[in-house]
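Q: Coordinates for the following, if possible.
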Amino acid sequence: MDIEYGIDDKPPLAESVLLGFQHYLTMIGATVAIPLALAAAMGMPDGATARLIGTFFVASGVGTLAQTTVGNRYPIVQGGTFSMLAPGLAIIGVIASNGGGWEIMIRELMGAVIVAGLVEVLIGYFGVMGWIKRHMGPVVIAPVIALIGLSLFNAPQIQNPNAAAPGTGQNWWLLGLTLALIVAFSQYLDRYHRSFRLFPVLLGIASAWLVAALLSVTGVFASGSISYVDLGSVTGATLVQPIYPFQWGTPLFTPGFAIGMVAGMFASAIESFGDYHAVARMAGRGAPSARRINHGIGMEGLGNTLAGVMGTGNGLTSYTENVGAIGITGVASRYVVQTGAAVMIVVGYFGPVGALFATIPAPIIGGLYVVMFGQIAAVGLSQLKYVDLDANRNVFIVGFALFAGLAIPGYMSNVGAGMDVSASTAFQQGLASVPVLGPVLGTDVVSTTVFVIGGTGMAVGGIVAFFLDNTVPGTREERGLTAWESLTEDDSEFESFWDRRSSETDDRTRRAD
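A: Down below sits the predicted model:
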């Protein structure tokens with residue numbers, strides 16, 4: 001493919017600012033959708049929701065600067081991850097069933113994300129991903145990434161479990177309008193204008209939002225309805241909003257919640273593993289070596305820890321949307337992505353921006369989810385192109401992992417149905433009644449850990465696929481591992497930040513001598 005700007009190129013500053021901001025426009029849907037989903041599930045007030053969105057912007061910008069400078073040095077954007085959204089929503093559900101408010105929920109999420117980030121730091125910088133690279137191929141990665149999308153098909157913005165309450169029923173035509181616009185821009189109109197190809201999500205959301213805002217102003221949508229756009233919250237937003245470490249309070253650390261978030265983090269790391277390969281191919285480079293992958297995952301761990309400290313309630317990961325933007329535009333410049341990251345940090349502290357995004361009605365987010373979650377599932381399944389699908393063991397493993405990743409969380413969500421206790425409590429009571437092992441299985445730590453992991457589709461599917469792929473007989477060619485190895489760069493081709501600093505010091509020393 002044609003590369004307009006390579007990884008090490010530096011376009012003019014003004015052009016870099018526009019190109020960098022464009023990168024963030026491609027990810028704006030997910031960057032807003034994740035905090036909105038968390039805020040809605042926690043019952044956050046509008047002011048706190050706007051601040052949460054701004055926190056995502058700031059954490060994304062800082063994480064991107066760190067990754068492109070000290071991490072794997074690929075032109076890849078870091079942002080909120082859907083793979084950690086699912087366990088996050090599971091944690092919120094457990095706390096809500098016990099009567100906890102949003103202040104407790106966000107502090108529990110902070111603690112869980114911090115622990116997950118620190119675990120990912122160890123996985124990366126101690127070379128665990130490099131080792132796993134030899135044992136984890138497309139047969140594992142495909143169902144894990146696919147389940148990120150499939151496990152969120154019943155998100156409240158789509159299914160709306162409160163539809164029976166007066167004034168809260170799903171607005172299917174607004175959801176359908178959003179869906180139709182995004183599909184039209186991305187699949188039908190993209191050939192007519194470059195803007196449609198670059199910004200289908202942004203154009204779809206903006207168009208649907210303008211329609212909803214107009215109908216809200218004219219009184220068609222009543223105040224308080226699911227489709228109402230409250231523009232007053234934008235004009236009343238603080239110009240500069242305070243975003244700082246531990247802004248929601250001291251993190252809370254519950255072992256079961258942390259383990260569930262670690263499972264989501266591991267799915268995110270697997271997703272990034274695939275993204276690193278994709279961005280290298282888009283930029284005209286060889287596939288990433290184990291050394292580069294280790295540095296990238298280690299830095300993502302530090303980014304997750306930062307996100308937990310800042311209070312996003314979610315982690316950071318590589319964005320597939322931006323990898324696609326490189327392929328469309330031919331702009332693979334690291335400098336462009338870094339410039340966009342700086343812009344993102346500034347935008348995050350500007351209160352009206354977060355408040356504006358917080359006015360997006362739930363049906364519009366639901367329409368975005370239908371497209372986005374489906375696309376994520378398809379991206380996962382596309383990894384199977386490296387696999388021999390004529391081999392029965394591969395078809396069996398992928399199918400089994402997908403089904404388990406949907407069925408077991410579905411069972412977990414229905415535990416205790418018809419009882420006067422929450423699902424987590426009913427599950428704990430059930431484990432406590434197991435003969436002999438009941439006193440151990442019924443403890444808070446064990447039962448909560450099993451409940452959260454069992455309720456996280458990508459964790460269940462990943463565990464099943466990893467075990468089967470490494471125990472069921474099959475050649476490396478059948479599993480797709482050989483194809484991946486042939487695309488990999490040599491370890492010596494990656495020069496880390498510290499290697500460069502050492503080389504610069506040696507050069508200065510030689511010149512001084």
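Q: Helices of the stretch 151-300 of the chain, residue ranges please.
A: Per DSSP state H, counting those that start in this stretch, the stretch 151-300 of the chain carries helices over the ranges 156-159, 172-183, 194-198, 200-217, 232-235, 255-282, 290-310.
Q: The stretch 401-513 of the chain now?
A: Here the stretch 401-513 of the chain has its helices, by DSSP H, counting those that start in this stretch, at 423-432, 438-441, 444-454, 457-469, 476-479, 481-486, 497-512.
Q: Quick one: the ones you listed as JSON lines, columns for distance to residue 256 and mean neighbour count too.
A: Every C-beta, even on glycine, is put in place using the N, C-alpha and C of the backbone. Putting the helices of the stretch 401-513 of the chain into JSON lines (distance: least, C-beta to C-beta, whole Å; neighbours: other C-beta atoms under 10 Å) gives the following:
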{"stretch": "helix 423-432", "distance to residue 256": "9", "mean neighbour count": "19"}
{"stretch": "helix 438-441", "distance to residue 256": "12", "mean neighbour count": "13"}
{"stretch": "helix 444-454", "distance to residue 256": "3", "mean neighbour count": "20"}
{"stretch": "helix 457-469", "distance to residue 256": "13", "mean neighbour count": "24"}
{"stretch": "helix 476-479", "distance to residue 256": "33", "mean neighbour count": "18"}
{"stretch": "helix 481-486", "distance to residue 256": "34", "mean neighbour count": "16"}
{"stretch": "helix 497-512", "distance to residue 256": "36", "mean neighbour count": "10"}
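Q: Any idea which of the ones you listed gets closest to residue 251?
A: helix 444-454 (17.0 Å; C-beta to C-beta).
Q: Taking their axis directions, that closest one and helix 423-432 sit at what angle?
A: Comparing the axes of helix 444-454 and helix 423-432 via axes from the mean of the first three to the mean of the last three C-alpha atoms, to 10 degrees yields an angle of 120 degrees.
Q: Do me a favour and average the pLDDT over helix 444-454.
A: Average pLDDT, helix 444-454: 78.
Q: just checking, what packs against that helix?
A: Counting contacts by 3 or more C-beta pairs under 8 Å, 6 or more residues apart in numbering; DSSP states H and E, helix 444-454 is packed against helix 85-97, helix 255-282, helix 392-414, helix 423-432, helix 438-441, helix 457-469.
Q: Let me see the residues that make contact with it.
A: Applying C-beta atoms under 8 Å, 6 or more residues apart in numbering, the contact partners of helix 444-454 are 87, 90-91, 94, 254-257, 259-260, 263, 408-409, 411-412, 423-424, 427-428, 431-432, 440-441, 459-460.
Q: try stretch 467-477
A: 135-137, 139-140, 388, 391, 393-394, 396-397, 400-401, 479, 482-483, 485.
Q: CA-only coordinates of it in PDB, if you can.
A: Written as PDB, here are the backbone C-alpha positions of stretch 467-477 (Å, rounded to 0.1, in the frame of the first residue of the first chain):
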ATOM      1  CA  PHE A 467      -6.500 -25.000  27.000                       C
ATOM      2  CA  LEU A 468      -7.800 -26.900  24.100                       C
ATOM      3  CA  ASP A 469      -5.500 -25.300  21.500                       C
ATOM      4  CA  ASN A 470      -2.500 -26.400  23.500                       C
ATOM      5  CA  THR A 471      -3.700 -29.900  24.400                       C
ATOM      6  CA  VAL A 472      -5.600 -31.100  21.400                       C
ATOM      7  CA  PRO A 473      -3.100 -32.500  18.900                       C
ATOM      8  CA  GLY A 474      -2.400 -30.200  15.900                       C
ATOM      9  CA  THR A 475       0.600 -29.000  13.900                       C
ATOM     10  CA  ARG A 476       1.800 -25.400  14.100                       C
ATOM     11  CA  GLU A 477       0.800 -25.000  10.400                       C
END
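Q: Right, I'll call it a day here.
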